[in-house]
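Trainee: Attaching a predicted model along with its sequence, questions to come.
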There are 2 protein chains.
Amino acid sequence: MANHMGFQAPTHDHKRCVSSALENAEEKSRVLGLRFTKTRRKVLEVLWQSHNPLGAYEILDRLQKDGRRPAPMVVYRALDFLLEAGLAHKISSCKTFIGCSTPDENHEAQFLICESCGSAAEVAGQPLAEALEKTAASAGFKINQRVVEIIGVCPNCQA
Amino acid sequence: MANHMGFQAPTHDHKRCVSSALENAEEKSRVLGLRFTKTRRKVLEVLWQSHNPLGAYEILDRLQKDGRRPAPMVVYRALDFLLEAGLAHKISSCKTFIGCSTPDENHEAQFLICESCGSAAEVAGQPLAEALEKTAASAGFKINQRVVEIIGVCPNCQA
DNA sequence: ACATAAAACGTTATGATATAACAATACATA
DNA sequence: TATGTATTGTTATATCATAACGTTTTATGT
């Protein structure tokens, strides 16, 4: 599988990321009986143009190059679908969206976000999830959803 | 100290939360040579009307009751100051703001947010911070800032 | 006390993000 | 092919946030 956690080397074969992401999406949709329509596919494609999360209006800009600029609703609706289906994630602190790199697992996303190059990487949730669980438990809190967004400098930009 | 981590019992003496928060803010500003002006104080007071985070325009609504409605800039500027001074925090995923319950420590805030009653509580960052540090380190990532917002049901609402 | 510079404020305008509502179309399936 | 449901297209509008600029307040040196 081409998609995986952590930051990609600048030299990685990005086409494989894209094709594998789209194939995964097709497959997941097929299995779950979801409708992976043209618009939804296009939006996911745009999200996968890079490993940088995009704002909804940036997505619109990029769709435009490929025809007439759709209304914002079009993108937000497609995003709703992708989020719901676990094919993309929202990064709240940046008001951006990114393709999910591990859509086959049923996970909550936790992100490392580089201030320098803008790229973002999903990280393994397990150890974090445990720490969160412990913290919550000690406050008597029942967790439904986690937002974990770590901002800093990625390995590529440190070098 | 009246302010502390975790969810408050519905019966707690909230006036003490407010007065202690405002006193802490005065003191911290004095020590650091910051200007805790009238507007900034009012906004912090409004934030402390409850333990529920408020949107910027909700804050405006509440300031209005106490005179003429200020322009949004007024509130956003005061919030900038309060965030900068560590007297308040932003909760990105809800686009809201909340008074900091432990402004004397130099900490990053991590929140439990109740979907049922809307209240939010800061939680001790140390164990979480360690888990985050570990996760980041293993990806070669240098952390500058953390956004941790756990959504679920608080102990009061479970009962 | 007065001049000066920096910080804060008031105000207007505008940018950026997101959703409501409803008519038209495509799709699944009986 | 009829029917209900999901999706799309479109217009309008709500919500969140900042730019820019002139005025006022405040801290500080003289």
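Mentor: Received it, and whenever you're ready, just let me know what you need. In this text, all values refer to a predicted model and were calculated from it rather than measured experimentally.
Trainee: CA atoms for contacts and neighbours, from now on please.
Mentor: Fine.
Trainee: Between its first and last residues, how far does stretch A:29-47 reach?
Mentor: End-to-end distance for stretch A:29-47: 17 Å, by Cα to Cα, to the nearest Å.
Trainee: Quick check: buried residues in it?
Mentor: A:S29, A:F36, A:R40, A:R41, A:K42, A:V43, A:L44, A:E45, A:V46, A:L47 (16 or more other Cα atoms under 10 Å in any protein chain shown).
Trainee: tell me which parts of chain A are close to DNA strand C?
Mentor: Chain A comes close to DNA strand C at residues A:G55, A:A56, A:Y57, A:E58, A:P72, A:M73, A:Y76, A:S92, A:K95, A:T96, as judged by Cα under 7 Å from any atom of the strand.
Trainee: when you check chain B, which of the buried residues of stretch A:29-47 turn up near it?
Mentor: Among those, no residue sits close to chain B (Cα under 8 Å from any Cα of the partner chain).
Trainee: From the residues you listed, which land in strands?
Mentor: Residues of the buried residues of stretch A:29-47 located in strands (DSSP state E): none.
Trainee: so which of these comes closest to A:I143?
Mentor: A:I143 lies nearest to A:S29 out of these, by Cα to Cα, at 27.5 Å.
Trainee: The closest one touches A:R40, doesn't it?
Mentor: No. A:S29 lies out of contact with A:R40 (Cα atoms under 8 Å); the separation is 11.2 Å.
Trainee: picking up where we left off before, most neighbours, which of the residues of chain A next to DNA strand C?
Mentor: Neighbour tally across these (other Cα atoms under 10 Å in any protein chain shown): the maximum, 19 neighbours, falls on A:A56.
Trainee: Show the contacting residues for that residue.
Mentor: A:P72, A:V75, A:Y76, A:T96, A:F97 (Cα atoms under 8 Å, 6 or more residues apart in numbering or on different chains).
Trainee: Which helix or strand contains the residue in chain A positioned nearest to DNA strand C?
Mentor: Residue nearest to DNA strand C within chain A: A:M73 (4.1 Å; Cα to the nearest atom of the strand). Element membership of A:M73 [criterion: DSSP states H and E] is helix A:72-84.
Trainee: Which strands border the helix or strand just after that helix, and is each parallel or antiparallel?
Mentor: Once the chain leaves helix A:72-84, the next helix or strand it forms, by DSSP H and E, is strand A:88-91. When pairs are called by DSSP bridges, strand A:88-91 turns out to pair with strand A:96-99 (antiparallel).
Trainee: which outside residues touch the strand it pairs with?
Mentor: A:21, A:44, A:47-48, A:51-56, A:87-91.
Trainee: same question, stretch A:21-31
Mentor: A:3, A:35-36, A:41, A:44-45, A:48, A:87, A:99-101, A:103-104.
Trainee: So which bits of it are buried?
Mentor: Neighbour counts over stretch A:21-31 (16+ other Cα under 10 Å) mark A:A21, A:L22, A:N24, A:A25, A:E26, A:K28, A:S29 as buried.
Trainee: Tell me the one among the residues you listed nearest to B:A131.
Mentor: Out of the buried residues of stretch A:21-31, the member with the shortest distance to B:A131 (by Cα to Cα) is A:A21, at 28.8 Å.
Trainee: Which helix or strand contains the closest one?
Mentor: Using DSSP H and E, A:A21 maps to helix A:14-32.
Trainee: any idea of the angle that helix forms with helix A:72-84?
Mentor: 80 degrees (axes from the mean of the first three to the mean of the last three Cα atoms, to 10 degrees).
Trainee: By residue count, tell me the biggest strand in chain A.
Mentor: Longest strand of chain A, by residue count under DSSP E: strand A:142-153.
Trainee: could I get the contacts of stretch A:21-31 as TSV with distance to DNA strand D?
Mentor: Shown next, in TSV, are the contacts of stretch A:21-31 (distance: Cα to the nearest atom of the strand, whole Å):
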residue	distance to DNA strand D
A:N3	25
A:R35	5
A:F36	7
A:R41	9
A:L44	12
A:E45	14
A:W48	18
A:L87	14
A:G99	17
A:C100	19
A:S101	22
A:P103	18
A:D104	19
